[in-house]
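Trainee: Quick one: sequence plus predicted model below, questions after.
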Amino acid sequence: MTDEPQETGEQMKPGDQTPARDPVPETDDQAPASGEPGSGGLRLIACPAVLGEMAEGATDGLDCRTLEAQLHLSPERLKEAMRAAVADADTPGATIVIGYGLCSNAVLGLKTEHATLVVPRVDDCIAMMLGSNEAFAAQAQKAVGTYYLAKAYLEECDTILSDHEKLVEKRGAERAEQMMRMLLAHYTRIVLIDTGRYDLEPYRARVADFAERFDLAVEEVPGTTRIVDALVVAGWGDDFVVAPPGHELTLADFRPELYGGAEQP
């Protein structure tokens with residue numbers, strides 16, 4: 001995953017969006033226990049990279065739907081798939097939890113008729129694993145051209161490492177290296193996020209070999225599973241947008257500071 005410019009809330013200005021609607025109404029902090037948010041239960045729609053950082057058994061017994069990781073390459077397709085999944089899960093009494101951040105604005109426009117909709121208030125899953133948009137921004141300021149990896153990315157998603165391996169098979173080692181050097185021209189380092197949930201040792205050598213080949217620095221930074229774990233635990237706080245039925249998600253819900261508003265309680 002990369003910090004190259006994306007169509008996320010971090011890069012967007014208020015004028016780039018349709019007029020913001022009223023902020024999400026206040027909700028009762030007393031939410032039922034995990035898996036029992038209402039008569040309709042909790043339904044999780046998540047990215048494979050996010051699911052891959054969850055504790056073993058965290059989604060047992062839950063209605064859990066995974067969208068293809070490749071959809072990240074096409075924000076419009078991701079938006080369509082997310083809307084279809086939300087519509088399919090939208091039943092009275094249900095709580096639909098989205099295991100994505102803004103993710104190229106794919107969650108904007110989501111709305112339910114019957115269910116409560118819960119989404120982490122972060123730009124993407126990198127910020128989710130680092131703990132906040134602020135933590136992501138701090139990393140981005142340290143070095144221009146950073147590519148982010150975590151255990152779940154390496155196992156569940158296409159990355160520059162897997163892309164290189166596929167190119168070697170298809171084009172041969174020499175041509176693959178030429179192509180990758182062009183793609184990585186503006187990158188200077190790889191950040192390996194350690195959420196503390198899994199041992200990264202099995203992945204370090206692979207990342208180090210790739211980085212050495214393409215003259216990239218490697219840095220391990222501490223992450224957190226705080227937001228990831230909270231996806232399936234009721235009682236969502238400031239890190240989440242909790243939208244009642246009928247509320248359409250807008251950028252103001254995720255970046256209220258851009259509109260002169262305060263974060264929702």
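Mentor: Now that the structure is in, tell me what you want to look at.

Trainee: And the closest residue to residue 188 other than its chain neighbours, what's its pLDDT?
Mentor: Leaving out its chain neighbours, the residue that sits closest to residue 188 by C-beta to C-beta, 6 or more residues apart in numbering is residue 145, at 4.7 Å. (Glycine included, C-beta is placed from N, CA and C.) For residue 145, the pLDDT comes out at 93.

Trainee: if I read this right, residue 145 contacts residue 183, doesn't it?
Mentor: No: taking C-beta atoms under 8 Å as the definition, residue 145 is not a contact partner of residue 183, at 11.4 Å.

Trainee: Just give me the neighbour total for the residue nearest to residue 188.
Mentor: Other residues near residue 145 come to 15 when the count uses other C-beta atoms under 10 Å.

Trainee: How much space separates it from residue 167?
Mentor: Distance of residue 145 to residue 167, computed by C-beta to C-beta, to the nearest Å: 20 Å.

Trainee: quick one: residue 88 is in a helix?
Mentor: Yes: per DSSP: H, G, I helix; E, B strand; the rest coil, residue 88 lies within a helix segment.

Trainee: Would you check how far apart it and residue 81 are?
Mentor: For residue 88 relative to residue 81 (C-beta to C-beta), the value is 11 Å.

Trainee: Those two: which is more packed in?
Mentor: More crowded of residue 88 and residue 81, by other C-beta under 10 Å: residue 81, with 17 against 12.

Trainee: for that one, what are its contacts?
Mentor: By C-beta atoms under 8 Å, 6 or more residues apart in numbering, the contact set of residue 81 is 67, 68, 71.

Trainee: what's the answer for residue 227, then?
Mentor: 120, 122, 128, 131, 239.

Trainee: What subset of those is buried?
Mentor: Buried members of these, counted by 16 or more other C-beta atoms under 10 Å: 120, 122, 128, 131.

Trainee: how about residue 97, secondary structure?
Mentor: Note that with three-state DSSP, the state of residue 97 is strand.

Trainee: residues near it, how many?
Mentor: For residue 97, using other C-beta under 10 Å, the count is 27.

Trainee: shouldn't it be in contact with residue 118?
Mentor: Yes: with contacts counted by C-beta under 8 Å, residue 97 reaches residue 118, the gap being 4.6 Å.

Trainee: Now do the shared contacts for those two.
Mentor: By C-beta under 8 Å, 6+ apart, residue 97 and residue 118 have these common neighbours: residue 231.

Trainee: residue boundaries of the helices in the stretch 101-250 of the chain?
Mentor: 125-130, 133-142, 151-156, 160-171, 173-183, 201-213, 226-230 (DSSP state H, counting those that start in this stretch).

Trainee: Tabulate these (CSV), appending mean pLDDT and distance to residue 106.
Mentor: Below are these laid out as CSV (pLDDT from 0 to 100; distance: least, C-beta to C-beta, whole Å):
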stretch, mean pLDDT, distance to residue 106
helix 125-130, 95, 12
helix 133-142, 93, 16
helix 151-156, 91, 18
helix 160-171, 96, 22
helix 173-183, 96, 24
helix 201-213, 96, 27
helix 226-230, 95, 17
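
Trainee: Just say which of these is most tucked in.
Mentor: helix 125-130 (a mean of 28; mean count of other C-beta atoms under 10 Å).

Trainee: distance between that one and the chain's centre?
Mentor: When distances are taken as C-alpha atoms, centre = their mean, to the nearest Å, helix 125-130 is centred 6 Å away from the chain's centroid.

Trainee: For it, enumerate the helices and strands it packs against.
Mentor: helix 48-51, helix 133-142, strand 189-194, helix 226-230 (3 or more C-beta pairs under 8 Å, 6 or more residues apart in numbering; DSSP states H and E).

Trainee: in this structure, what spans have low per-residue confidence?
Mentor: Along the chain, segments meeting pLDDT under 70 span 1-40, 261-265.

Trainee: Let's see that with 50 instead.
Mentor: In the predicted model of the chain, residues 3-39, 264-265 satisfy pLDDT under 50.
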